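>>> Turn this into a model:
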Amino acid sequence: MQTQAMFYSIEPQSAVPGVAEQQLHLHYACLQAAHFYRQNQRVFIYTQDQQTAHEIDEMLWAFEADSFVPHNLIGEGPKQGAAVEISWQAPTNRRAVLINLTSNVPNFAGQFSHLIDFVPRDETLKEQARNRFRTCRQWGFTVAHQVATSAQTINTPS
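Purely as a prediction, here's the structure:
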């Protein structure tokens, strides 16, 4: 199985009303999780730290009632986890999609068929994303890039 990596650039036109610029990658992570859930894919959202995992958890709870995405933090919920699992620790269950919100490509990324990553506007963070892009290529992943777009918005906690 070859991992397909998609990097989404968060450009000025990617802005979403009501979402702070530093939260845009989290917003787009939630949109991607919802997309893959609707495709009957199990998703693992890997965060830099516990606080970010809780932010993603709260954002997913804020979806419209008809757009609910079953999710849980690692160790909560059913034994096999919900359709979308969120953690700052390595996954314990097999899943098809990895949404990476960390500064590096995790060493377990190759066990996923899809890797989703984001390229923020901040130059330092953009350089980290370029390094992740290169790492994915070096590891033999099929790598692509496109600008993030939002067909829908989610409500963010205040």
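
>>> C-terminal to the lowest-mean-pLDDT helix or strand in the chain, what's the next element?
Ranking every helix and strand in the chain by mean pLDDT, DSSP states H and E puts strand 71-73 at the bottom, with a mean of 86. Remark: after strand 71-73, the chain's next helix or strand is strand 84-87, criterion DSSP states H and E.

>>> Please name the nearest non-neighbouring residue to Phe133.
In space, and not counting its chain neighbours, Phe133 is closest to Phe7: 5.7 Å by C-beta to C-beta, 6 or more residues apart in numbering. In this view, the C-beta of every residue, glycine as well, is placed from N, C-alpha and C.

>>> With Arg132 instead?
Closest to Arg132 by C-beta to C-beta, 6+ apart is Val105, at 5.0 Å.

>>> roughly how far apart are Gln32 and Asn93?
If you measure Gln32 against Asn93 using C-beta to C-beta, to the nearest Å, the figure is 19 Å.

>>> Could you give me the buried positions within stretch 2-17?
For stretch 2-17, burial by neighbour count (16 or more other C-beta atoms under 10 Å) applies to 3-8, 10, 14-16.

>>> Dump those residues to JSON lines, plus pLDDT and distance to Ala109.
As requested, the buried residues of stretch 2-17 are exported to JSON lines (pLDDT from 0 to 100; distance: C-beta to C-beta, whole Å):
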{"residue": "Thr3", "pLDDT": "95", "distance to Ala109": "6"}
{"residue": "Gln4", "pLDDT": "96", "distance to Ala109": "11"}
{"residue": "Ala5", "pLDDT": "97", "distance to Ala109": "8"}
{"residue": "Met6", "pLDDT": "96", "distance to Ala109": "13"}
{"residue": "Phe7", "pLDDT": "96", "distance to Ala109": "13"}
{"residue": "Tyr8", "pLDDT": "93", "distance to Ala109": "16"}
{"residue": "Ile10", "pLDDT": "84", "distance to Ala109": "20"}
{"residue": "Ser14", "pLDDT": "66", "distance to Ala109": "24"}
{"residue": "Ala15", "pLDDT": "70", "distance to Ala109": "28"}
{"residue": "Val16", "pLDDT": "70", "distance to Ala109": "27"}
